[in-house]
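>>> Here is a sequence with its predicted model. Questions after.
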Amino acid sequence: MTDIERVGVVGCGQMGAGIAEVCARAGLDVKVAETTGEALEFGRTRLFGSLAKAAERGKISAAERDATQARLSFTTDLGEFADRDLVIEAVVENEQVKTEIFQVLDQVVSRPDAILASNTSSIPLVKLAVATSRPDQVVGIHFFNPAPVQKLVELIPALTTSEGTLSRAQLFAEKVLGKHAIRAQDRSGFVVNALLIPYLLSAIRMFETGIASREDIDNGMEMGCAHPMGPLKLSDLIGLDTVASVAQSMYDEYKEPLYAAPPLLARMVDAGRLGRKTGSGFYTY
Ligand SMILES: CC(=O)CC(=O)SCCNC(=O)CCNC(=O)[C@H](O)C(C)(C)COP(=O)(O)OP(=O)(O)OC[C@H]1O[C@@H](n2cnc3c(N)ncnc32)[C@H](O)[C@@H]1OP(=O)(O)O
């Protein structure tokens with residue numbers, strides 16, 4: 001269906017693990033990289049736990065779970081990505097860290113037309129593209145959390161991305177992974193975050209100024225507008241550090257006050273209350 005069979009995923013946090021799961025469940029050979037053995041073990045446990053849950057809920061059979069696990073391998077050495085047809089980087093939203101990863105991938109990935117993709121939600125793709133010697137093969141493939149559940153991916157071409165790379169990425173996302181792809185320009189926030197982040201920040205401001213309780217804010221949007229989760233619960237799911245860093249990138253790009261993070265968000269990030277992943281955010285988990 002496409003020429004992509006071997007996928008590399010850099011980072012096995014919340015998003016990396018979800019993306020690796022989606023790719024392995026689609027029948028691909030997936031190699032996942034983390035920086036340390038400890039981080040890798042944590043990520044593997046998260047990923048295998050999610051597959052176990054999918055099997056318990058009857059979404060996949062026990063045989064499919066085992067076959068999916070067998071398609072996943074783990075490493076702390078990006079050098080093992082040499083044979084990958086597509087690599088999706090899903091590490092922290094830090095431009096320097098991502099740039100260094102793209103420089104390494106450019107060195108190690110040997111297939112001449114391999115696609116180097118980033119799951120970034122806010123860093124300009126062109127900055128990652130020009131860090132490589134193949135800027136026409138770098139593209140944004142942005143998944144949503146939880147990646148196994150959310151149907152959408154955003155495809156973001158950098159100014160340098162070739163139409164061939166973009167169409168192969170689209171074919172991969174739609175035909176192999178079964179996602180719905182929308183295209184967005186390489187502008188901070190793309191489509192979804194450009195709409196979502198100001199809404200989340202407004203909810204945090206509303207809570208901070210005492211206009212309503214966290215439960216009333218969330219119930220308001222869940223019961224009033226049929227959102228699956230209210231904005232404070234959703235911020236906890238995304239991770240408050242991610243919400244803050246995406247907001248910062250959007251503020252840096254547009255200088256619009258509506259993208260400025262409220263002080264409470266910054267203080268919670270400083271306190272390490274990052275939401276579900278740390279056990280506490282607007283709620284306790
Ligand atoms: C910041 C960025 O750059 C971009 C982003 O990611 S923005 C964030 C986008 N995400 C959202 O907006 C999430 C909104 N929330 C939701 O869609 C839902 O509340 C939710 C899917 C997270 C949970 O749904 P729920 O009904 O409350 O819980 P639950 O019944 O446990 O789950 C519903 C389904 O999702 C599945 N699911 C939930 N979490 C999952 C996970 N982490 N992995 C795999 N499957 C999961 C469940 O197995 C269940 O599947 P079935 O109905 O087929 O059994």
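Everything's here; your move. Residues are numbered from 1 along each chain as shown.
>>> tell me what the strand or helix carrying Ile88 is packed against?
Element membership of Ile88 [criterion: DSSP states H and E] is strand 86-89. On a contact count with 3 or more CB pairs under 8 Å, 6 or more residues apart in numbering; DSSP states H and E, strand 86-89 meets strand 6-10, helix 95-108, strand 115-118. All C-beta atoms are positioned from the backbone trio N, CA, C, and that covers glycine.
>>> Can you tell me the strand partners of it and which way each runs?
strand 6-10 (parallel), strand 115-118 (parallel) (DSSP bridges).
>>> tell me which residues in the last one are buried?
If I follow you right, that is strand 115-118. 115-118 (16 or more other CB atoms under 10 Å).
>>> before we move on, what about stretch 261-270?
Neighbour counts over stretch 261-270 (16+ other CB under 10 Å) mark 261-262, 265, 268-269 as buried.
>>> mind listing the helices in the stretch 151-285 of the chain by residue range?
Assigned by DSSP state H, counting those that start in this stretch, the helices in the stretch 151-285 of the chain fall at 163-171, 192-208, 214-225, 231-238, 240-254, 263-270.
>>> ranking those helices by mean pLDDT, which is last?
Of all these, helix 240-254 carries the lowest average pLDDT, namely a mean of 94.
>>> Now distance to the ligand and mean pLDDT too, for the strands paired with strand 86-89, in TSV please.
Shown next, in TSV, are the strands paired with strand 86-89 (distance: least, CB to the nearest ligand atom, whole Å; pLDDT from 0 to 100):
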stretch	distance to the ligand	mean pLDDT
strand 6-10	15	98
strand 115-118	12	98
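>>> Relative to Glu154, which of the ones you listed is closest?
strand 115-118 (11.4 Å; CB to CB).
>>> Can you pull out the residues in contact with that closest one?
Applying CB atoms under 8 Å, 6 or more residues apart in numbering, the contact partners of strand 115-118 are 4, 85-90, 98, 102, 105-106, 109, 125, 128, 132, 134, 137-141, 165, 168-169, 172.
>>> near the ligand at all, stretch 216-225?
No: if you take CB under 6 Å from any ligand atom as the test, stretch 216-225 misses the ligand, and the best it gets is 9.2 Å.
>>> My read is that Ala181 contacts Ile156, right?
No: using CB atoms under 8 Å, Ala181 is not in contact with Ile156; the gap is 10.5 Å.
>>> who has more neighbours, those two?
Ile156 (27 against 19; other CB atoms under 10 Å).
>>> right, and that one touches Gly140 too?
Yes: the criterion here is CB under 8 Å, and Ile156 meets it with Gly140 at 3.1 Å.
>>> Spell out which residues are contacts of both of the two.
Going by CB under 8 Å, 6+ apart, residues that sit against Ile156 and also against Gly140 are 125, 186, 190.
>>> Let me know whether the first one touches Glu154 as I believe.
No: contact criterion CB under 8 Å: Leu125 and Glu154 do not qualify, at 10.9 Å.
>>> More neighbours: which of the two?
Counted by other CB under 10 Å, Leu125 and Glu154 do not tie: Leu125 has more neighbours, with 24 against 20.
>>> Please look at Ala147 and Cys23 and confirm they touch.
No: counting by CB under 8 Å, Ala147 sits too far from Cys23 to count as a contact (9.5 Å).
>>> Contact partners for Lys233?
Here Lys233 is in contact with 218, 282-283 (criterion: CB under 8 Å, 6+ apart).
>>> how about a cut-off of 10 Å?
Lys233 is in contact with 203, 214-215, 217-218, 221-222, 227, 275-276, 281-283, counting by CB atoms under 10 Å, 6 or more residues apart in numbering.
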